[in-house]
Structures are given as C-alpha cells and as structure tokens.
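S.K.: Dropping a prediction and its sequence here:
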Amino acid sequence: MKVLVSACLLGENCKYSGGSNLDPRVADWLRREGHEAVPVCPEVLGGLPTPRTPAELVNGAVMTRDGRNVDAAFRRGAALALDAAKRQGITLAVLQPRSPSCGAREVYDGTFSGRKVPGMGVFARLLAENGLRLLEPGDLEDL
C-alpha cells in the first residue's frame, strides 16, 4: 500500500529551519508492513523556500513569526499534495505532529511561544475532509 508521509519524517531537509524531523520509527514501520512511502512537503510544494521563517496558525490563517501571511502558499501546497494522493489512491497519511501544515491533533497556538492547542494543520484538515486516515509517528507503535 502507498502511504503519504511528511517528507521531513523520512529525513528530507524541508523543515522550516532547513533540517528534518527524521523519525526512524516511520521508515521501520513502512518497511515492516511492506508499504511504499510517498514523501510530501506541502509547504515546499506551495512554493515556500527552505529554510523559511517559522509559521503558525493565527486566527485560522498561517502567519510567519514576523507577521507575513503565507496562508495561500500553505493551502496551495496542501491542494497539490492532496491531488497527488488522490491520483495514487492513497488513503493513509503519516504526518509530522504540531506543524501548521501537518499537525493532525494539535498545533502551536499562534503566539510563537511553544504552547500547543488542540487542532489541525491546513494539510491535515484537507486530508481528513477528503477521507484519509491520519497517523502520527507515535501511533505506529500501537498498530
């Protein structure tokens, strides 16, 4: 089965800081289950550079720490990634927690203080609205 995966979890240096969120549990789970990873970074797909200014959801829009509205880029990338997932018949995604794109259960609160609140990133929400099952790396241990 093909599984959509936040590219940063597989070691791709697409995180806002220029690094990754490499999580060996993800690659191990994919290999163990015989799944094929389809890596995606909706922020990069939306045209944002790496590295880039940190962004959080502020009143429903994605804003950078310095006050720039980057919501359109986040949503454009999310739509492109969803289209790719649909074309490939993907029904499951493993996403980076807390991201303004990929957070499936909680996101940072928009104050850039490190506080988290229940909620979903724009990409995660779009995937869920289109019927994809969303997992985070910590969920893989329980499968």
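M.R.: Nice, I can see it. Numbers count the residues shown, from 1 in each chain.

S.K.: Every contact and neighbour count from this point should use C-alpha atoms.
M.R.: Noted.

S.K.: and the most centrally placed residue in the chain, what is it in contact with?
M.R.: In the chain, the C-alpha nearest the mean C-alpha coordinate belongs to residue 102, at 2.6 Å (C-alpha atoms, centre = their mean). Going by C-alpha atoms under 8 Å, 6 or more residues apart in numbering, residue 102 touches 6, 95-96, 120-124.

S.K.: Nearest to residue 21 among the residues you listed?
M.R.: The closest of the contacts of residue 102 to residue 21 turns out to be residue 96 (C-alpha to C-alpha; 7.8 Å).

S.K.: where in this structure is pLDDT low?
M.R.: The chain contains no residues with pLDDT under 70.

S.K.: which helix is the longest one in it?
M.R.: If you go by DSSP state H, the chain has its longest helix at helix 71-87.

S.K.: Summarise which helices and strands the helix or strand just after it is packed against.
M.R.: Next in sequence after helix 71-87, counting helices and strands by DSSP states H and E, comes strand 92-94. If contacts are counted by 3 or more C-alpha pairs under 8 Å, 6 or more residues apart in numbering; DSSP states H and E, strand 92-94 sits against strand 2-6, strand 133-135.
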